[in-house]
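> 3D model of this:
(chains A and B)
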Amino acid sequence: MPVVLHDTLSREMRPLLLKAGKSTFGMYCCGPTVYGPAHIGNFRTFTLQDVLRRTLEVDGLKVKHVRNITDVDDKTIRGAQAAGQSLNDFTKKWTEKFHADCKALGLLTPQVEPSAVEHIPQQVAMIQALVDRGHAYVSKDGSVYFKVHSCKDYGKLSHIDFSKQETQATNSAGEANDADEYERESASDFALWKSRKPDDGNNFWPSPWGEGRPGWHIECSAMSLAHLGATFDLHGGGIDLCFPHHENEIAQTECATGINGFAAHWFHSAHLLVEGEKMSKSKGNLFTLDELVAKGFSPMEVRYTLIAGHYRTSLNFTMKGLEDARSALGKIERGAEKLLHAAGFTQKEFAMPAVIEKQTSWGRFAHAWEVLQHDLNIPGCLGQIFTVLADKHEVSAQQAREDLSGLGKILYALGLALFADVAGPSAPANVVALAAQRWAAKQAKDFAAADRLRKEITELGWTMLDHKDGYDLKKSV
RNA sequence: GGCGCGGUAGCCAAGUGGUAAGGCCGGGCUCUGCAAAAGCCCCAUGCGUCGGUUCAAUUCCGACCCGCGCCUCCA
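Here you go, the predicted model:
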């Protein structure tokens, strides 16, 4: 049974299958603009795309995942100048940070991560094709704009009828459009090439229309064309990109190549709210992964939280949600541990890739997998996992092995790595010393001293967890 | 105004034309120097409101109320 997913363009549930004659499933995802650390909202989208890719792979599809790096635009140029660095040095730094965060969150590396700067010739060629075909025009200052009204299908993704807005002087929000400022023929036309401005500094490239830099939308069209061709299987991104970015991508690519059917499927993920509010710098609720790790949460807990809501519903990200995720993950680990014990396996033997390659059974997790395959219903799938794990009946070694095969594959698809040694931040020396003293006091049965020391440790923001033969220190949340 | 998404227990969150998965929290018990952890048990006659269709609706249809997103470069 193939994975079935809701498609934004057709608004239908559609199976994700290999096209006739193709051996790989081409998937393009709009990547980050590397001008600072990506926040958890960005990572919700990237993580959901990762789960989709993994799910398709477990389903047996060979996926070619392309995710670009936007390393030239207003924000990167401004950021580089503010930092007193070259654009290249500046974006390289943030690209590396992005990769480090991806790795921590367990995101698989895309097969191709094209850089916009490195695809400027392809972008110029595409703009030239659009000019040649009458879909774009050059303005007085040497900028090039896409002529929206030359594309009869424009608006098909976001389901907006642009033919009725032919001569409008206001945009659809009722605000005046200052079309003159950009020398555009129509308010809905958008820039393909931006002529060189003093603010750009050294960041300009040659083109048939003079020096300048590419517009944002053309990057993705040029890079998807270069790496996946004029048509491919699936395009993903945050819901905010649906219009205008993705609408423009369709128009650019289809008009430049003359081939219809840019992306066969559109996968948009809903946004993340933080404590019930939209994320914004002014509200101070723009969390990065580092900030959450500093609060004592593991990247895996963050990952669980990010995927625990359905991708088409906005997710309210809260600290309590992270704590919930911690408990839930622990529950899955204990359940898996129990199955491993029944099966006679070690944790090491539960290593995901081995399970994927060698096992075909789904055991009692067959239903959980079916749920996941249906519109990437991660919360439903997790519910099924817990339902099976809660079963109190004794399981045979054979049953446990089949179950682990299924559970292993599902957890791989979700990208939830169990039994990882997530140490978290280590305790400061004074806390470590107090813990050692308390342990000694406890061994000496000096419980009054032990209790007093526990109190001190707690006041310093740490929790001491006693075991039979030792103890752990965890940062209090 | 246009387009789209959603309103399910204290919180989070699935789902179905036939009588509400799951996680967290909370309560009880077991275990335990203390504190945790863990294990077991309990926890929505109810699914925004009002109508309609139906033997039967939270699930379909209609209206309404409320929240949210996008509407030119925010994943």
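
> quick check: closest non-adjacent residue to whichever residue of the stretch 151-300 of chain A sits closest to RNA strand B.
Nearest to RNA strand B, among the residues of the stretch 151-300 of chain A, is A:G238, at 2.1 Å (Cβ to the nearest atom of the strand). Quick note: C-beta positions are derived from backbone N, CA and C, even for glycine. Closest residue to A:G238 apart from its sequence neighbours, by Cβ to Cβ, 6 or more residues apart in numbering: A:T45 at 4.7 Å.

> can you tell me how far that neighbour is from A:P37?
For A:T45, the distance to A:P37 (Cβ to Cβ, to the nearest Å) stands at 15 Å.

> out of these two, which sits in the more crowded spot?
Neighbours were counted for A:T45 and for A:P37 using other Cβ atoms under 10 Å; A:T45 has more, 28 against 18.

> surely the more buried one meets A:G237?
Yes - here A:T45 lies in contact with A:G237, judged by Cβ atoms under 8 Å, at a distance of 6.8 Å.

> follow-up on the earlier one: OK, contacts around the residue of the stretch 151-300 of chain A closest to RNA strand B?
Neighbouring residues of A:G238 by Cβ atoms under 8 Å, 6 or more residues apart in numbering: A:30, A:41-42, A:45, A:268-269, A:271.

> least confident of these?
Within those, pLDDT reaches its minimum at A:H271, with 89.

> tell me, how many residues neighbour that residue?
15.

> next: A:E211.
So A:E211, with other Cβ under 10 Å, has 12 neighbours.

> that one against A:S195, yeah?
Yes - A:E211 lies in contact with A:S195 (Cβ under 8 Å); the separation is 7.3 Å.

> overlap in contacts, the two.
A:G142.

> what residues does the stretch 151-300 of chain A have near RNA strand B?
For the stretch 151-300 of chain A, the residues found near RNA strand B under the criterion Cβ under 7 Å from any atom of the strand are A:158-161, A:171-175, A:177, A:187-191, A:194, A:215-216, A:237-245, A:269-273, A:276, A:278-279.

> mind doing that once more with 6 Å?
By Cβ under 6 Å from any atom of the strand, the part of the stretch 151-300 of chain A that sits against RNA strand B consists of A:158-160, A:171-173, A:187-188, A:190-191, A:215-216, A:237-241, A:243-244, A:271-272, A:278-279.

> hmm, back to that, who touches both of A:T45 and A:G237?
A:29, A:269.

> how about the CA coordinates for stretch A:264-278, as CSV?
The C-alpha coordinates for stretch A:264-278 follow below in CSV (Å, rounded to 0.1, in the frame of the first residue of the first chain):
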residue,chain,number,x,y,z
ALA,A,264,3.0,16.6,-9.2
HIS,A,265,2.3,17.0,-5.5
TRP,A,266,2.4,19.9,-3.1
PHE,A,267,3.2,19.2,0.5
HIS,A,268,2.6,22.2,2.8
SER,A,269,3.1,22.1,6.5
ALA,A,270,1.2,24.3,8.9
HIS,A,271,3.0,26.8,11.2
LEU,A,272,4.2,26.6,14.7
LEU,A,273,2.8,28.8,17.4
VAL,A,274,4.7,29.3,20.6
GLU,A,275,2.7,29.4,23.8
GLY,A,276,-0.3,30.2,21.7
GLU,A,277,1.2,33.1,19.8
LYS,A,278,2.8,33.5,16.5
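
> can you tell if the helix or strand containing A:L434 touches RNA strand B?
Taking DSSP states H and E as the definition, A:L434 sits inside helix A:429-443. Yes - if you take Cβ under 6 Å from any atom of the strand as the test, helix A:429-443 does meet RNA strand B, through A:K442.

> so for the longest helix along chain A, what gets flagged as buried?
Criterion DSSP state H: the longest helix present in chain A is helix A:319-343. The neighbour-count check on helix A:319-343 (16 or more other Cβ atoms under 10 Å) flags A:321-322, A:325-326, A:328-329, A:332, A:335-336, A:339-340, A:342-343 as buried.
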